[in-house]
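*Asks:* Just the structure for this:
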Amino acid sequence: MWRAFFLAIGVSLVILGAEFMAIDQVVLYQPPAEGGALHTLTSITSTRVVGPTVLAPPEWAPWCLFSVGAVVMIYSFTIPKRVRD
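*Replies:* Sure, this is the predicted structure:
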């Protein structure tokens, strides 16, 4: 059970690292506010326009995720040997 858990975590980290290698930035949009106005929030005192949120991963993030994922996968292959000893 532990071997499969750590293997899944390692594979997920490697896949996430590969995705970070392929993108430059992620743009998150908020759903339309109820009442009709797109991307606006209205309060009693002020009106604020809410734009998209842009997330840009740093240059080192994909390589860090690749290396941590690889180490976790290697660790998962050594678990059965240590459990038997």
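*Asks:* isn't residue 16 right up against residue 64?
*Replies:* No - the pair residue 16 and residue 64 fails to qualify as a contact (C-beta atoms under 8 Å) at a distance of 10.4 Å. Any C-beta I mention is one placed from the backbone N, CA and C, and that applies to glycine too.
*Asks:* The two: which is more packed in?
*Replies:* More crowded of residue 16 and residue 64, by other C-beta atoms under 10 Å: residue 16, with 17 against 14.
*Asks:* mind listing what that one touches?
*Replies:* Contacts for residue 16 (C-beta atoms under 8 Å, 6 or more residues apart in numbering) come out as 65, 69.
*Asks:* Could you pull up the mean pLDDT of the lengthiest helix in the chain?
*Replies:* Longest helix of the chain, by residue count under DSSP state H: helix 61-84. Averaged across helix 61-84, pLDDT comes to 87.
*Asks:* just the angle between the helix or strand hosting residue 21 and helix 61-84, please?
*Replies:* According to DSSP states H and E, residue 21 maps onto helix 2-22. With axes from the mean of the first three to the mean of the last three C-alpha atoms, to 10 degrees defining the directions, helix 2-22 sits at 170 degrees from helix 61-84.
*Asks:* rewinding a little: same for the longest helix of the chain, what does it pack against?
*Replies:* On a contact count with 3 or more C-beta pairs under 8 Å, 6 or more residues apart in numbering; DSSP states H and E, helix 61-84 meets helix 2-22.
*Asks:* Please enumerate residues in contact with the helix or strand following the helix it packs on?
*Replies:* Going down the chain from helix 2-22, the next helix or strand is strand 26-28, by DSSP H and E. Residues from elsewhere that reach strand 26-28 (C-beta under 8 Å, 6+ apart): 52-57.
*Asks:* rerun that using 7 Å as the cut-off
*Replies:* Strand 26-28 is contacted by residues 52-55 when judged by C-beta atoms under 7 Å, 6 or more residues apart in numbering.
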